[in-house]
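Visitor: Pasting the sequence and the predicted coordinates here, then a few questions.
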Amino acid sequence: MDINEMIQAVRDYDYRNLFRLTENSGVLTQEELMTAVISVVFGLLLCFFGLKAIRLWAALAGFVLGFAAGTAAAVIAGAEVTAALIAGVVCGVIIAALAAVLYRVGVFVYVFLAVSVFCSSLVDAEKPLFAGLCLAVGLVAAILSIRFMTVLTILATSVYGAAVSGTALCRFLPVQSRFLHLAVCAVLCIAGILVQLLLESKKQKKRSLKKAAEIREENSTANEVERARAVMDRLDSMPAENPEEEE
């Protein structure tokens, strides 16, 4: 497969299939098995450790967005395939670096991509109207994530990760059912939200204990200084001894 075929395969792949339950013929091919296993691992990590590793997910999302935008812009400008690919990689690396280093930018990028892709799996995103609505919903969610960063990050990672891993897990089941598919995804999503909230609660508790220890140390130091100052004041107020009286 040459570079042109690789780009065409990436361009034609329908990523909404990550959330769609397809008919199971009974035996998964090697490619389907590998895709399902990778989707399960990726989805579970995202579902249960989304907020904890948000810089990693943001970097991945930034690279995807940057690569797509850079490649599309280069193609529109009339660049050749190799030049378009290089432009996409460069843009992807830049956006990924910004998303990984700048926390708020990373959350914005990830929430926008995750919500937009997830919404596109629920509607016919091939129509321009629905595609625009999916992008608009993703943009609104990304803007809200600036204000409600922790909550929306947990929701976006849990829902997206549960959808990916739940769909992949259902491919290993002998019975394919829409209800079972939704039930597996819902259970994983709820579990992911609870686990992430628990991890965030422990993180906040450690931060509060550390802050309390710092305050106690500052107060202890201040008290010691006050006691030393009081001792010095008492020494200064004591009458000086007269050497002539001792003689």
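Guide: Now that the structure is in, tell me what you want to look at.
Visitor: Tell me how the protein divides into domains.
Guide: Annotated domains of the chain cover 3-12+26-203, 206-236 [automatic domain parsing].
Visitor: export those to JSON lines and tack on mean neighbour count and mean pLDDT?
Guide: Where C-beta positions appear, they are placed from N, C-alpha and C, glycine not excepted. Converted to JSON lines, the domains of the chain look like this (neighbours: other Cβ atoms under 10 Å; pLDDT from 0 to 100):
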{"stretch": "domain 3-12+26-203", "mean neighbour count": "17", "mean pLDDT": "88"}
{"stretch": "domain 206-236", "mean neighbour count": "10", "mean pLDDT": "71"}
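Visitor: Tell me which other helices or strands the longest helix along the chain touches.
Guide: Taking DSSP state H as the criterion, the chain has its longest helix at helix 178-237. When contacts are defined as 3 or more Cβ pairs under 8 Å, 6 or more residues apart in numbering; DSSP states H and E, helix 178-237 packs onto helix 30-49, helix 149-170.
Visitor: after the first one comes which helix or strand?
Guide: Sequence-wise, the next helix or strand downstream of helix 30-49 (DSSP states H and E) is helix 54-76.
Visitor: got the angle between that next one and helix 30-49?
Guide: 130 degrees (axes from the mean of the first three to the mean of the last three Cα atoms, to 10 degrees).
Visitor: Might you calculate how far helix 54-76 sits from the centre of the chain?
Guide: 15 Å (Cα atoms, centre = their mean, to the nearest Å).
Visitor: so after that helix, what's the next helix or strand?
Guide: Sequence-wise, the next helix or strand downstream of helix 54-76 (DSSP H and E) is helix 81-101.
Visitor: Need the residue closest to the centroid of this structure.
Guide: Most central in the chain under Cα atoms, centre = their mean is Ile54, positioned 3.0 Å from the mean C-alpha point.
Visitor: residues touching that residue, list them.
Guide: By Cβ atoms under 8 Å, 6 or more residues apart in numbering, the contact list for Ile54 reads Tyr103, Gly106, Val107, Tyr110, Thr153, Thr157.
Visitor: wait, what's in contact with the third one?
Guide: Going back to what we said before, that points to Val107. Ile54, Ala58, Ser145, Ile146, Met149, Leu152, Thr153.
Visitor: Backbone dihedrals for it, both of them.
Guide: Reported as degrees, to the nearest 10, the phi and psi values for Val107 are phi -60, psi -40.
Visitor: how close does it sit to Arg207?
Guide: Computed with Cβ to Cβ, to the nearest Å, the distance linking Val107 and Arg207 is 19 Å.
Visitor: what does the fourth one give?
Guide: Tyr110 is 23 Å from Arg207, where distance means Cβ to Cβ.
Visitor: Over to the last one?
Guide: Counting by Cβ to Cβ, the separation of Thr157 from Arg207 is 21 Å.
Visitor: try Gly166
Guide: 33 Å.
Visitor: got it, and Gly106?
Guide: On the measure of Cβ to Cβ, Gly106 and Arg207 end up 20 Å apart.
Visitor: Next: Phe148.
Guide: 19 Å.
Visitor: do the same with Gly92
Guide: Where Arg207 is concerned, Gly92 sits at a distance of 34 Å (Cβ to Cβ).
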